[in-house]
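Participant: generate a structure from the sequence data that follows.
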Amino acid sequence: MRHDPANPAGPAGVPPAAMRAPVSGQVGQPQGGPIRAPRWAYWVVTLLALALGAEAIVRGTRAVHVAADSDLTGFFLPSVDYILRGDPFHLYAVRAAQAYPNWNPPLSMFLMAPLLAAARAVGFAANLGEQITFVSLPFIVLIPVLGFVAVRALAWLYPELPEAQRFLAYVLVVCSPLIWVSVASWGHLEQPLMLCFLVGALLALNRGRDGLAGLLAGLALLSRTTAIFPLLALGLLLLFERRWRTAALFGGIAAAVTAAGFAPFLLVDRSDTLYAFVSWRGKVPIGSNSIWTLFAYTGSNHTLSLVDVVARRADTLVMVGFLLAVALLAWRRKISAVGRDGWAVAALGALAVPLLVKASWPYYYAEPFVLLLVWEFATMHDRVAGLWRWPVITVGYLTITATLIQYAGLQSVGTGDRIVLGLLEFGVMAGVVLAIWKRLGAAKLTAPAPGALTAPAMNGAAPVGYAPPATPSAPSAPSAPFYPSDPWSRSPGVPREPAPFAPPGAASWGMAERPAAAAPKLPWQSGGDAPAGQQWQDGQTWRTRQYGQGKPPVPNGMGPLWPADARLGAGQPGQPGQNGGAGTSNGTNNNASNGVSNGVGGWTAESSEAIRNGHHDAWPDLDVGWPPLPPAPPRRES
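Facilitator: Predicted coordinates:
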């Protein structure tokens with residue numbers, strides 16, 4: 001039956017909705033309310049994640065034969081020994097193979113000290129496995145805490161986020177193989193702690209609490225050095241935006257906290273501290289899984305050796321240039337450091353490490369993942385319909401890197417192997433950067449809202465929050481141009497930042513002020529049945545109805561929240577989406593050091609059999625090839 005535009009009510013007064021009733025095999029309007037995750041589901045996932053993590057730590061100790069087989073036993077615990085001996089400010093005197101220092105900030109080591117002391121007091125430190133287990137297990141509770149902080153950030157950035165999506169975000173964080181591999185396989189217990197501080201700092205910055213944001217940022221820097229990259233990207237964007245007060249409070253307090261944490265070490269043991277955090281960076285050998293492996297050379301050719309030396313010192317400068325370019329381009333696109341899309345800038349800053357560092361390790365993948373997840377889940381509702389209304393970048397990044405972590409930290413077997421892997425990892429990270437930038441450009445176009453909204457009288461009175469119409473017969477027009485045919489373009493003067501979830505005049509999300517209370521929802525708020533000329537709210541954008549009742553809404557309008565993207569008012573089908581699974585990793589990779597000897601009693605290790613056979617990830621790892629087969633046993637004569 002064809003609908004007659006001249007008769008919106010249909011034949012014999014039948015409403016259009018009844019005429020569009022779904023038939024067998026046809027998708028119709030979703031039934032029921034939103035999916036809600038019960039509170040006990042969070043507890044079940046939390047206990048499951050803790051059980052998996054604890055088992056990964058305990059079973060993973062079987063792969064630790066010498067102290068060099070784990071960063072925890074190769075760097076952190078030797079430095080903790082200095083603290084327990086009453087000499088905490090010389091903890092950066094620890095050296096591994098080829099003078100590899102401990103260049104991890106001190107906060108986590110001071111937290112490990114009472115745990116190692118308790119392990120020795122109760123007699124549970126007889127071997128490396130017992131020490132790893134006793135020290136690591138209390139730290140795994142930080143991963144559910146990180147999931148909780150991420151969900152709290154989502155609740156603030158987008159309060160109307162469906163509960164099912166919040167629960168999915170929590171599951172992806174607490175069960176992520178990227179985070180558990182960092183903790184269980186590589187012994188970097190400080191990473192969840194740093195991420196908690198970092199997410200908290202960004203959330204405080206969104207809420208306008210700049211001092212608290214600076215304090216948490218400083219604690220993040222005292223937990224792990226890689227926190228500087230997302231923080232520096234946001235700080236540069238604040239300067240480009242000329243938010244002088246926010247930049248001064250945020251950056252100044254973060255710098256003060258960091259300086260206060262490192263000051264005692266610089267005063268007592270200046271040489272070892274500077275060597276660990278400054279001098280050593282230029283001496284780190286180029287790894288076999290970064291783009292810089294194209295310039296790596298260990299032979300005797302003078303020219304190629306000079307190229308290798310220059311490349312070793314260039315990665316940090318290139319990363320700083322990348323952060324500067326990200327902040328500048330974000331500013332030109334009118335992205336705010338204190339808005340939801342500021343999380344994308346932070347994620348791009350964190351991606352600078354696996355993208356451009358000269359020696360990439362599998363535990364570098366976790367930090368961009370958490371920031372990317374928070375940004376994508378908090379902004380799915382304000383992207384144009386289609387691909388970007390699904391968490392495709394988060395899920396895609398998780399699945400690809402969950403595969404990379406299983407072999408990216410192993411030793412190369414030849415020139416071709418290291419070059420292919422270096423190009424592959426760089427290509428994957430560069431693809432993620434481009435996808436983030438493309439999604440930033442897919443934000444819905446928003447026009448400035450009119451000063452007063454009009455609505456028809458209901459029972460003789462206008463609804464609360466609406467002004468009576470000045471001329472009832474004259475429809476109101478949008479106050480800015482709108483280009484539905486080109487949702488990827490942007491007209492001059494139209495802001496990219498999402499509009500607030502409130503009537504016009506309320507403060508934007510991410511600022512210190514809270515938005516005003518939303519106006520009562522009208523029957524046509526979805527836009528499908530609004531009378532011609534009337535205002536209706538499309539998610540975040542106030543639009544004017546351009547057609548009569550029963551006609552399609554304004555193009556590029558917002559449908560129901562993900563995963564459904566249907567135009568229910570017009571009977572259009574929803575947009576398809578994508579999803580993916582997450583890989584897991586159960587392997588324990590060796591650290592890039594062997595033969596550890598730091599002058600502390602009980603912390604001298606010889607090379608294990610795996611190291612002597614060429615299976616250990618020792619520096620340099622260029623073109624060693626496969627080890628030869630063992631000689632065949634003599635044939636037994638009959």
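Participant: the longest helix belonging to the chain: what's the following helix or strand?
Facilitator: Here the longest helix in the chain is taken by residue count, with DSSP state H as the criterion, and it is helix 302-332. For helix 302-332, the following helix or strand on the C-terminal side (DSSP states H and E) is helix 342-356.
Participant: gap between residue 68 and residue 384?
Facilitator: Relative to residue 384, residue 68 is positioned 51 Å away (criterion: CB to CB, to the nearest Å). For the C-beta atoms, the positions are set from N, CA and C on the backbone; glycine is no exception.
Participant: out of these two, which sits in the busier spot?
Facilitator: Shown here are residue 68 and residue 384; by other CB atoms under 10 Å, residue 68 has more neighbours (28 against 18).
Participant: my guess is that one meets residue 75, correct?
Facilitator: No. Here residue 68 does not reach residue 75: they are 9.7 Å apart, not a contact under CB atoms under 8 Å.
Participant: so which bits of the longest helix of the chain are buried?
Facilitator: Applying a neighbour-count criterion of 16 or more other CB atoms under 10 Å, the buried positions in helix 302-332 are 308, 311-312, 315, 318-320, 322-323, 326-327, 329-331.
Participant: quick check: mean pLDDT of that helix?
Facilitator: What helix 302-332 shows for mean pLDDT is 92.
Participant: elements contacting it?
Facilitator: Using 3 or more CB pairs under 8 Å, 6 or more residues apart in numbering; DSSP states H and E as the contact criterion, the elements in contact with helix 302-332 are helix 228-240, helix 342-356.
Participant: tell me the most buried of these?
Facilitator: helix 342-356 (a mean of 26; mean count of other CB atoms under 10 Å).
Participant: which SS class is the spatially closest residue to residue 408 that is not a sequence neighbour?
Facilitator: Closest residue to residue 408 in three dimensions, ignoring its sequence neighbours and counting by CB to CB, 6 or more residues apart in numbering: residue 289, at 4.8 Å. In the three-state summary, residue 289 is assigned as coil, counting by DSSP: H, G, I helix; E, B strand; the rest coil.
Participant: residues near residue 289, how many?
Facilitator: The local packing of residue 289 (other CB under 10 Å) involves 29 other residues.
Participant: about what we covered before: mind checking which of the helices and strands packed on helix 302-332 is nearest residue 169?
Facilitator: Proximity to residue 169 (CB to CB) singles out helix 342-356 among the helices and strands packed on helix 302-332, at 12.8 Å.
Participant: for the following helix or strand past the closest one, packing partners?
Facilitator: Sequence-wise, the next helix or strand downstream of helix 342-356 (DSSP H and E) is helix 366-379. Using 3+ CB pairs under 8 Å, 6+ apart, the elements in contact with helix 366-379 are helix 142-157, helix 163-174, helix 177-180, helix 190-206, helix 342-356, helix 392-404, helix 415-440.
Participant: go through the last one and flag the buried ones.
Facilitator: Using 16+ other CB under 10 Å as the burial criterion, the residues of helix 415-440 that qualify are 417-419, 421-422, 425-426, 428-429, 432-433, 435-436, 439-440.
Participant: what separation is there between residue 167 and residue 378?
Facilitator: When distance is defined by CB to CB, residue 167 is 15 Å away from residue 378.
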